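*Asks:* Next come a sequence and a model predicted from it.
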2 protein chains.
Amino acid sequence: MTILAVGSVALDAIETPYGSRDPIVGGSATFFSYAASFFVPVRVVAVVGSDFPESAIAMLKGRGIDLDGLQRAPGKTFRWSGRYDATLTQRVTLETCLNVFETFRPEIPEAYRDSRMVFLGNIDPGLQRSVLEQVRSPKLVVADTMNFWIDGQRQSLVETLKLVDVLIINEEEVRLLAGDHNIVRAAEAVRRLGPRILVVKRGEYGALLFQGPETFAATAFPLSSVVDPTGAGDTFAGGFIGSLAREGEITERALRRAVIYGSVVGSFSVEGFGLERLETLTAAEIDHRFAAFRKLVDFEPA
Amino acid sequence: MTILAVGSVALDAIETPYGSRDPIVGGSATFFSYAASFFVPVRVVAVVGSDFPESAIAMLKGRGIDLDGLQRAPGKTFRWSGRYDATLTQRVTLETCLNVFETFRPEIPEAYRDSRMVFLGNIDPGLQRSVLEQVRSPKLVVADTMNFWIDGQRQSLVETLKLVDVLIINEEEVRLLAGDHNIVRAAEAVRRLGPRILVVKRGEYGALLFQGPETFAATAFPLSSVVDPTGAGDTFAGGFIGSLAREGEITERALRRAVIYGSVVGSFSVEGFGLERLETLTAAEIDHRFAAFRKLVDFEPA
């Protein structure tokens, strides 16, 4: 099942205690589609400026990512610049230059409109809805959002959430959206807004999945070396939806395995700057870490 | 296998957004022994003042806890008074009155000296060693500690750690003790100090277990109602060691199951003030939540 992903493609600048990169290819659609490409074909709708390097295009195409929906606009590519603290859990934004992303209007190519799985990356909730208006009959609509939209565009976001099957957001965002610190109650409140499935990302602690009366708790993979957390959430989403699309049906079992695949790909992502670790990642490594997850959480081993 | 527990017994005062209690029976040895008593017999060495109520003694004895080692000293019982914030994750200490606990010297009754499992609660590391000098040949020595001792008595704590098989401490304390924010690396560093087994408590996120080359990650049980987190760590330790003692052998499997039993009992503890929820807890409820943990983390259900 092919995935359509809409979001940002960026040229970031990143500083962590382990080094720095400027520019480095980033953006939610980039991380998402790269991660998902390990599982199924992905189509991307996004915008880049005239400065976006051909080498990066080639890198993404090399993973089989369909870039026919990538718009080229005059001007510069979206740029986010940030610095992480020694713990890699806090970061300051040094600069956000929307550039060509400021006037981005997602145009879904005719050939993409039959996509069955749609990932609405973290963009204006109104633009998220405009994507859905252009897609014929998606089987599953998955969305991400962030505090910026929860605070500034709540009503528009609520309209979008009515159209969403799966919402993937982080713990603080669930709390903010629900106005309740308790995650179980907050998840219930958010699901009443529309998404029947909710995935709560908890960074280095893992993720929670809520569907129907079921709750699934996934731990994160303990890593002795974390270099750059940028894009971990988008990579998680890519692995999650990629795995779901590969399984082809939205069962509780498929959803739970998808959370683990998301965690697996996300755990690799943070081991390098930007996409650097994912660029060398193999299917065998993914399978190996998936198996390691089994061992990691099994409390009744033979 | 009987457990010997040494620690504090207190009369606390607690305020949370959900109510308050003053006084309420608390203390590390109290929570620990109450939790462990669901699994095996427990012996307690601690001190209380003349104000400690007979009703509390009766409550503990009612769980079969052996209080022959509980010293009665003239003066008041140790008192901790604290207030939790709306999220229940931050608390301020309003008052700490050591009272009779200030001059507490653990005296292990002759009848206790054959104890095979010893839990050294969060007391001065020198006193922890004095307990071990009085116990003949423990099969397993488990210790807790806190930032107060890590900061103020590091050398003494390091001496104690050489004698400890299992260290149970929280995430921030592991980081502080190791001087490394990365939990995997910090755990390695702490284990080089002595404890061959390390349990890292992560509050609402669960716990990590490190033994040999093995890592086990347990999630916490998602709760829609948390009332009072006081004693959750000690209750976790009690369930953990109680389960280990009941299994009778220190295998990887027994350790992993013990982490889950600790999480189970700890999850009940926070549903009420102090010991209130544990006072109504049944073995059937423990078994039921243990089974719920299986479902919670199983990502390949039938």
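*Replies:* That came in fine, so what should we check first? Residues are numbered from 1 along each chain as shown, chains lettered A, B, ... in the order given.
*Asks:* measure stretch A:172-190 end to end?
*Replies:* The stretch stretch A:172-190 measures 13 Å between its terminal residues, going by Cα to Cα, to the nearest Å.
*Asks:* what comes into contact with it?
*Replies:* By Cβ atoms under 8 Å, 6 or more residues apart in numbering or on different chains, the residues outside stretch A:172-190 that reach it are A:145-147, A:150-151, A:157, A:161, A:167, A:169, A:171, A:193, A:198, A:200, A:208, A:210, A:215, B:86-88, B:204, B:222-226. (C-beta placed from N, C-alpha, C; glycine too.)
*Asks:* Could you identify the buried members of these?
*Replies:* A:145-146, A:150, A:157, A:161, A:167, A:169, A:171, A:193, A:198, A:200, A:208, A:210, A:215, B:88, B:204, B:222-223, B:226 (16 or more other Cβ atoms under 10 Å in any protein chain shown).
*Asks:* Which of the three states applies to A:Arg185?
*Replies:* helix (DSSP: H, G, I helix; E, B strand; the rest coil).
*Asks:* what's across from A:Leu4 in the sheet?
*Replies:* A:Arg43, A:Val118 (DSSP bridges).
*Asks:* Get me the contact residues on chain A for chain B.
*Replies:* A:86-88, A:181-185, A:188, A:202, A:204-206, A:208, A:215-220, A:222-226, A:252-253, A:256-257, A:259-260, A:293-294, A:296-301 (Cβ under 8 Å from any Cβ of the partner chain).
*Asks:* Quick one, which of those residues are buried?
*Replies:* A:88, A:181-185, A:202, A:204-206, A:208, A:215-220, A:222-223, A:226, A:256-257, A:259-260, A:293, A:296-297, A:299.
*Asks:* Which ones among the residues of chain A next to chain B lie within strands?
*Replies:* Among the residues of chain A next to chain B, the members found in strands (DSSP state E) are A:Leu208, A:Thr215, A:Phe216, A:Ala217, A:Ala218.
*Asks:* tell me which of these is nearest to chain B?
*Replies:* Among these, A:Ala217 lies closest to chain B (Cβ to the nearest Cβ), at 3.9 Å.
*Asks:* ok, now how distant is the residue positioned nearest the centre of chain A from chain B?
*Replies:* Geometric centre of chain A, nearest residue: A:Asp234, 2.3 Å, by Cα atoms, centre = their mean. Per Cβ to the nearest Cβ, to the nearest Å, A:Asp234 is found 21 Å from chain B.
*Asks:* quick one: pLDDT of the nearest residue to that residue once chain neighbours are set aside?
*Replies:* In this structure, A:Asp234 finds its nearest non-sequential neighbour in A:Phe31, 3.7 Å apart by Cβ to Cβ, 6 or more residues apart in numbering or on different chains. A:Phe31 is assigned a pLDDT of 98 by the prediction.
*Asks:* for A:Thr89, same thing?
*Replies:* pLDDT at A:Thr89 comes out at 89.
*Asks:* Isn't it up against A:Gly203?
*Replies:* Yes: applying Cβ atoms under 8 Å as the test, A:Thr89 and A:Gly203 come out as touching, 7.1 Å apart.
*Asks:* Who has more neighbours out of those two?
*Replies:* Counting neighbours by other Cβ atoms under 10 Å in any protein chain shown for A:Thr89 and for A:Gly203 shows that A:Gly203 has the greater number, 19 against 12.
*Asks:* sorry, back to before: so what's the residue nearest to the centre of chain A up against?
*Replies:* A:Asp234 neighbours (Cβ under 8 Å, 6+ apart): A:Gly7, A:Ser28, A:Ala29, A:Thr30, A:Phe31, A:Phe32, A:Ala35, A:Gly121, A:Asp144.
*Asks:* what do you get if the cut-off is 7 Å, keeping everything else the same?
*Replies:* A:Ser28, A:Phe31, A:Phe32 (Cβ atoms under 7 Å, 6 or more residues apart in numbering or on different chains).
*Asks:* Which residue ranges of the stretch 151-300 of chain A form helices?
*Replies:* Under the criterion DSSP state H, counting those that start in this stretch, helices of the stretch 151-300 of chain A are mapped to A:154-161, A:171-178, A:183-191, A:232-247, A:252-269, A:276-280, A:283-297.
*Asks:* most tightly surrounded among those helices?
*Replies:* helix A:232-247 (a mean of 27; mean count of other Cβ atoms under 10 Å in any protein chain shown).
*Asks:* what angle sits between that helix and helix A:283-297?
*Replies:* Going by axes from the mean of the first three to the mean of the last three Cα atoms, to 10 degrees, helix A:232-247 is angled at 100 degrees with respect to helix A:283-297.
*Asks:* okay, the angle between helix A:232-247 and helix A:252-269?
*Replies:* Using the same axes, to 10 degrees: helix A:232-247 against helix A:252-269 is 140 degrees.
*Asks:* average pLDDT for helix A:232-247?
*Replies:* pLDDT averaged over helix A:232-247 gives 97.
*Asks:* Distance from that helix to the middle of the chain?
*Replies:* With Cα atoms, centre = their mean, to the nearest Å as the basis, helix A:232-247 stands 7 Å off its chain's centre.
*Asks:* Output that helix in PDB with nothing but the alpha carbons.
*Replies:* Extracted in PDB, the C-alpha atoms of helix A:232-247 (Å, rounded to 0.1, in the frame of the first residue of the first chain):
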ATOM      1  CA  ALA A 232      13.300  11.100  15.600                       C
ATOM      2  CA  GLY A 233       9.500  11.800  15.800                       C
ATOM      3  CA  ASP A 234       9.100  11.900  12.100                       C
ATOM      4  CA  THR A 235      11.200   8.800  11.600                       C
ATOM      5  CA  PHE A 236       9.100   7.100  14.200                       C
ATOM      6  CA  ALA A 237       6.000   8.100  12.300                       C
ATOM      7  CA  GLY A 238       7.600   6.800   9.000                       C
ATOM      8  CA  GLY A 239       8.400   3.400  10.500                       C
ATOM      9  CA  PHE A 240       5.000   3.200  12.100                       C
ATOM     10  CA  ILE A 241       3.000   4.000   9.000                       C
ATOM     11  CA  GLY A 242       5.400   2.200   6.700                       C
ATOM     12  CA  SER A 243       5.000  -1.000   8.700                       C
ATOM     13  CA  LEU A 244       1.200  -0.600   8.800                       C
ATOM     14  CA  ALA A 245       1.100  -0.100   5.100                       C
ATOM     15  CA  ARG A 246       3.200  -3.200   4.500                       C
ATOM     16  CA  GLU A 247       1.000  -5.300   6.700                       C
END
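*Asks:* Fine by me, thanks again.
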